[in-house]
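1. coordinates only, sequence not included:
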């Protein structure tokens, strides 16, 4: 069965520091991979996605993610975190036709001044 | 509308009551999804519609949960004989299908259901 694991429940980083949020998936084939962000009082917003091709994908708000097939991972990174990045981040996987998208449990990011 | 709209934003009900949650997707989006998000958890897939039909309802937890989308646009999630464990935020999302499918789901802000 497909599953998504986000090992870190909560991460705290200082403003300006770099960030990496981990995501591992278990799936029969390489699925579509996504990162969504959820800010308080707002709906989930897509940060970036990977379907095929270049394994390093760029997203909005300065985020990027790297797909590593050998590790079944799709980690999210940002070189310099801003206070406004504090939110809940969800990794998600979906089969090619996008129904039955499954989400990880999320990682809550706190940004220290 | 501009985005996915969900009503009500908050619903408090008593155990055993019937509840309806409404989702109005983005105009032109033929795919519609319902998810449930419990505190501290990621969204849990419930059901997916393609047009008027439920293409995948494997995530509905039991027969107290039912969803419809009679005209291929607005959808209603119906919960009968609510239980305290049904308390969660119910999220609706929509997406384009076919050759213009970008893979992105557009989410509403959710309906928070509290069962007392």
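-> Thanks, I have the structure now. The structure displayed is predicted, hence computed values, not measured ones. Numbers count the residues shown, from 1 in each chain, chains lettered A, B, ... in the order given.

2. Give me the neighbour count for residue A:111.
-> The number of residues packed near residue A:111 is 19, by other C-beta atoms under 10 Å in any protein chain shown. Where you see a C-beta, it was placed from the backbone N, CA and C, and this is true even at glycine.

3. In the sheet, which residues pair with it? Tell me.
-> Residue A:111 has the following beta-bridge partners by DSSP bridges: residue A:13.

4. Might you report the residue contacts of it?
-> The contact partners of residue A:111, by C-beta atoms under 8 Å, 6 or more residues apart in numbering or on different chains, come to A:12, A:13, A:14, A:15, A:81, A:82, A:83, A:85, A:86.

5. Enumerate the residues of chain A near chain B.
-> A:4, A:6, A:32, A:34, A:36, A:41-46, A:49, A:51, A:90, A:92, A:94, A:98-106 (C-beta under 8 Å from any C-beta of the partner chain).

6. how near is the most centrally placed residue in chain A to chain B?
-> By C-alpha atoms, centre = their mean, chain A has its centre lying nearest to residue A:35, at 3.5 Å. Separation of residue A:35 from chain B (C-beta to the nearest C-beta, to the nearest Å) stands at 11 Å.

7. same thing with residue A:73?
-> 17 Å.

8. which non-adjacent residue is nearest that residue?
-> In space, and not counting its chain neighbours, residue A:73 is closest to residue A:24: 5.2 Å by C-beta to C-beta, 6 or more residues apart in numbering or on different chains.

9. Report the helix or strand with the lowest average pLDDT across chain A.
-> Least confident helix or strand, chain A: strand A:102-103 with a mean of 88, by mean pLDDT, DSSP states H and E.

10. residues making contact with that strand?
-> A:2-4, A:36, A:90-94, B:35, B:42-45.

11. So which of these sit within strands?
-> Counting by DSSP state E, the part of the contacts of strand A:102-103 found in strands is A:3, A:4, A:36, A:90, A:91, A:92, A:93, A:94, B:35, B:44, B:45.

12. still on that earlier bit, just the pLDDT for the residue nearest to the centre of chain A.
-> Looking at residue A:35, its pLDDT reads 96.

13. Tell me what it is bridged to.
-> Here residue A:35, judged by DSSP bridges, has bridge partners residue A:48, residue A:91.

14. Wait, it touches residue A:92, no?
-> Yes: if you go by C-beta atoms under 8 Å, residue A:35 and residue A:92 touch, sitting 7.5 Å apart.

15. Tabulate the contacts of residue A:111 (CSV), appending neighbour count, pLDDT and distance to residue B:83.
-> Below are the contacts of residue A:111 laid out as CSV (neighbours: other C-beta atoms under 10 Å in any protein chain shown; pLDDT from 0 to 100; distance: C-beta to C-beta, whole Å):
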residue, neighbour count, pLDDT, distance to residue B:83
A:12, 11, 97, 36
A:13, 18, 97, 39
A:14, 10, 97, 43
A:15, 14, 97, 43
A:81, 20, 97, 40
A:82, 12, 96, 42
A:83, 11, 95, 40
A:85, 20, 96, 37
A:86, 17, 96, 34
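
16. Now distance to residue B:51 too, for those residues, in TSV please.
-> Formatted as TSV, the contacts of residue A:111 follow (distance: C-beta to C-beta, whole Å):
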residue	distance to residue B:51
A:12	45
A:13	44
A:14	49
A:15	46
A:81	42
A:82	41
A:83	43
A:85	37
A:86	39
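
17. List the residues that contact the residue nearest to residue A:73.
-> A:4, A:5, A:7, A:71, A:72, A:73, A:74.

18. So residue A:82 is in contact with residue A:15, correct?
-> Yes: counting by C-beta under 8 Å, residue A:82 does reach residue A:15; the two are 6.5 Å apart.
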